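J.: Quick check, what structure comes out for this input:
(one chain, ligands or ions: 1)
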Amino acid sequence: MQVIHYKKELQNVLFSKENKNHTIGFVPTMGALHKGHLSLVKRAVNDNDLTIVSIFINPTQFDNKEDLEKYPTDLEKDIALLKKVSSKIIIFAPSATEMYDGNITSKEFDFNGLEKVMEGEFRPGHFNGVATIVELLLLAVKPTKAYFGEKDFQQLQIIKKLVELKKLPFQIIACPIERESNGLAKSSRNQRLSKSTREKGGFIFETLKTAKSKFGTENANSITEWVAEKFAANEVFELEYFQIADTETLTPILKKQKNIKYRAFIAAYADGIRLIDNIAL
Ligand code: AMP
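T.: Below you'll find the model as predicted:
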């Protein structure tokens, strides 16, 4: 199992004579790997000759210092989990100084409004940090295909837009959300939930599923009110936002239109941990 810490070293391996004509699959992560990450990695291993998994907790995308400080890390466990998928995976685990060439700051991006709603509204600067690091990583790895989870659906749309705006020749592959058996979307942050909260974690997905079934007959306002009431009556989960939006533009729904696909999005807190989830309607 190869673990590489420097861009130059990674490029020496990737662009060596031996690997020159190989297809490269890339899965960027922040580590503390779970089955959600591994589903992306398995897909990449299946589709490509070589798979790179980056493990890098990107400081510039954290709007909350405590969230960054408490973000779980366990490189040894991550290596062991990846080894079980394939011992040929290359792990790229750079330091922040290495990744940012010493200048650990975000660039400013304009994604046509995609970055302004939902996560963009509640986590100022988050998507500038995400786009900055994803661009740096994509340029370091130059993958044939890069894999992202629908769990972070807004991030996925922003990365597709980034690749389009910067004319980067990499294919972005969307992967479905992996869930715990009760429906809670897998997340590295779930480790920080109490056992009892984790057991009740299906509440968010249950609410999304009911919202989906209501979408056939009720308007978005009444569904939004219903969700707010459900959360108000729940002692564990505190709603930050519920939003039904156009899947492509992420514009909040005003009036349902036939030719537009919609998705419902939730951000909520439990035990002081921020959780997000979404569902296609
Ligand atoms: P993270 O380490 O949280 O930055 O996530 C790395 C990648 O894994 C992102 O593309 C996420 O969207 C994806 N991911 C995280 N959780 C899940 C999940 N439960 N199901 C599918 N993909 C996920």
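J.: next one: the worst-scoring helix or strand of the chain on mean pLDDT to chain centre, how far?
T.: Every helix and strand of the chain was ranked by mean pLDDT, DSSP states H and E. The lowest is helix 65-69, at a mean of 91. Here helix 65-69 is found 17 Å from its chain centre; the criterion is CA atoms, centre = their mean, to the nearest Å.
J.: Report the next helix or strand after it in sequence order.
T.: Using DSSP states H and E, the helix or strand that follows helix 65-69 in sequence is helix 75-85.
J.: Go through that next one and flag the buried ones.
T.: Neighbour-count burial for helix 75-85 flags 78-79, 81-82, 85 (criterion: 16 or more other CB atoms under 10 Å). The C-beta positions use only the backbone N, C-alpha and C, and glycine is treated the same way.
J.: Pick out whichever of those sits closest to residue 117.
T.: In terms of CB to CB, no member of the buried residues of helix 75-85 lies closer to residue 117 than residue 78, at 32.1 Å.
J.: which parts of the stretch 101-250 of the chain sit against the ligand?
T.: Contacts of the stretch 101-250 of the chain with the ligand, taken as CB under 6 Å from any ligand atom, map to 148-149, 151-152, 175, 177-178, 185-188.
J.: can you redo the buried residues of helix 75-85 as TSV with distance to residue 8 and pLDDT?
T.: Output for these, formatted as TSV (distance: CB to CB, whole Å; pLDDT from 0 to 100):
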residue	distance to residue 8	pLDDT
78	23	97
79	21	97
81	27	98
82	22	98
85	26	98
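J.: Out of the residues you listed, which is nearest to the ligand?
T.: Nearest to the ligand among the buried residues of helix 75-85 is residue 78, at 10.1 Å by CB to the nearest ligand atom.
J.: residues in contact with the residue nearest to the closest one when sequence neighbours are not counted?
T.: Nearest residue to residue 78, sequence neighbours excluded (CB to CB, 6 or more residues apart in numbering): residue 33, at 4.7 Å. Applying CB atoms under 8 Å, 6 or more residues apart in numbering to residue 33 gives the contacts 55, 77-78, 81-82, 188.
J.: One more pass at 10 Å, please.
T.: Contacts of residue 33 were listed using CB atoms under 10 Å, 6 or more residues apart in numbering, and they are 27, 40-41, 53, 55, 74-75, 77-82, 85, 186, 188.
J.: cool, and residue 147?
T.: Residues near residue 147 by CB under 10 Å, 6+ apart: 25-29, 37, 39-44, 47-48, 51, 53, 171-175.
J.: Which of the residues you listed fall within strands?
T.: Secondary structure from DSSP state E places 25-29, 51, 53, 171-175 of those in strands.
J.: Just the residues contacting the least confident helix or strand of the chain, thanks.
T.: Residues from elsewhere that reach helix 65-69, judged by CB under 10 Å, 6+ apart: 57-62, 123, 189, 192, 272-274.
J.: cutoff 7 Å now
T.: 59, 62 (CB atoms under 7 Å, 6 or more residues apart in numbering).
J.: Tell me the buried residues in it?
T.: Neighbour-count burial for helix 65-69 flags no residue at all (criterion: 16+ other CB under 10 Å).
J.: do it and the ligand meet?
T.: No - counting by CB under 6 Å from any ligand atom, the ligand is not contacted by helix 65-69; separation bottoms out at 11.8 Å.
J.: Repeat that for stretch 259-275.
T.: No - for a cut-off given as CB under 6 Å from any ligand atom, stretch 259-275 has no contacts with the ligand; the smallest distance is 10.8 Å.
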